[in-house]
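**Q** Provided below are the primary sequence and the corresponding predicted coordinates.
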Amino acid sequence: MDTPIQLEMDLEEDVAAELEHFVRLVRYDMIRFAKLWYHKCLERHTHMFPVLTEYAEMLLQIGEYDKLIQVLDSIDYASLTALGHDSLPDIRQLFASMRVLVMLRGKDLPPEVVTTTVTECWEYLMEAHVRMTAQGKEDLSAVQIHLVKVYLAIAVAVFTSDLPDMDVKYANPPWASSISPQLGRHWEAQKVQRLLLPMLQLKDALKTVILRDQFAAVAANIAGSAPHFDELPVLSEIVSSTTICEYLLARQDEDTSTLSDAYFGAS
């Protein structure tokens, strides 16, 4: 056929599916492929809040702080779309918290303002928590989950540094217990666990981030997802078990061999 057939139809891009694929690549630590996918499919959609947030999260995860600061500085909040049910103040606070975390990790935040900055982040979460409780709301939005994770990373950076001593209450922000595999937040839960576990004594870890019903939660999720199997809960449980195993094996002064063997088997 000498004359090609002209295909006349509107092709709609599935940005949500492209973003989901990007997130999976990042979670599998396939960063090179994630970057290629982002530049090919998502870079032109950074005006969309979910795309911008996941890209910023990747930069934070891999430590490309200069690039992240450039992204944060270039945000045009008036042009952001796809906000869903997330409020603009929460979104502004999320990106402001990311900037604080970058400055803490880069030691660019003067010690005299650390306490004030962390206090402001913590108070924002507390005020939002009080407001939602008064309104009878329980489910966290996506941006609030991100906010808690970034705040916990800020708290860890402060408590594990030589910066001024902080009140221990700042290590337990509102909603931290809401990020759990029992509530279906498997990946977020293991990220929080990896942040907090090195800071905890064994007795505290066993009460908080080493949850003995994690396996049951993942099994229930798998059983309830048939026939549409999602491997991410299983992957998150493997990562979680490996993290716990490393933590237990490092504690040679305590009898953790039985527990570490169990988590080693799982990982």
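**A** Nice, I can see it.

**Q** Residue for residue, what is the longest helix this structure has?
**A** helix 111-134 (DSSP state H).

**Q** State the mean pLDDT of that helix.
**A** Helix 111-134 comes out with an average pLDDT of 83.

**Q** Just the CA atoms of that helix, as PDB, please.
**A** Output of helix 111-134 as PDB, limited to C-alpha atoms (Å, rounded to 0.1, in the frame of the first residue of the first chain):
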ATOM      1  CA  PRO A 111      21.900  26.100  65.000                       C
ATOM      2  CA  GLU A 112      20.100  29.100  66.600                       C
ATOM      3  CA  VAL A 113      17.100  28.700  64.300                       C
ATOM      4  CA  VAL A 114      16.900  24.900  64.400                       C
ATOM      5  CA  THR A 115      14.600  24.800  67.500                       C
ATOM      6  CA  THR A 116      12.300  27.400  66.100                       C
ATOM      7  CA  THR A 117      12.100  25.800  62.700                       C
ATOM      8  CA  VAL A 118      11.400  22.300  64.100                       C
ATOM      9  CA  THR A 119       8.800  23.700  66.600                       C
ATOM     10  CA  GLU A 120       7.000  25.500  63.800                       C
ATOM     11  CA  CYS A 121       6.800  22.300  61.700                       C
ATOM     12  CA  TRP A 122       5.600  20.300  64.700                       C
ATOM     13  CA  GLU A 123       3.000  22.900  65.600                       C
ATOM     14  CA  TYR A 124       1.600  22.900  62.100                       C
ATOM     15  CA  LEU A 125       1.000  19.200  62.300                       C
ATOM     16  CA  MET A 126      -0.600  19.500  65.700                       C
ATOM     17  CA  GLU A 127      -2.900  22.300  64.600                       C
ATOM     18  CA  ALA A 128      -4.000  20.300  61.600                       C
ATOM     19  CA  HIS A 129      -4.600  17.300  63.700                       C
ATOM     20  CA  VAL A 130      -6.700  19.200  66.200                       C
ATOM     21  CA  ARG A 131      -8.700  20.800  63.400                       C
ATOM     22  CA  MET A 132      -9.400  17.400  61.700                       C
ATOM     23  CA  THR A 133     -10.300  15.800  65.000                       C
ATOM     24  CA  ALA A 134     -12.800  18.600  65.700                       C
END
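
**Q** shift numbering so it begins at 337
**A** From this message on, residue numbering opens at 337, which makes the last subject helix 447-470.

**Q** For that helix, list every residue counted as buried.
**A** By neighbour count with 16 or more other CB atoms under 10 Å, helix 447-470 contains the buried residues 450-451, 453-454, 457-458, 460-461, 464-465, 468. For the C-beta atoms, the positions are set from N, CA and C on the backbone; glycine is no exception.
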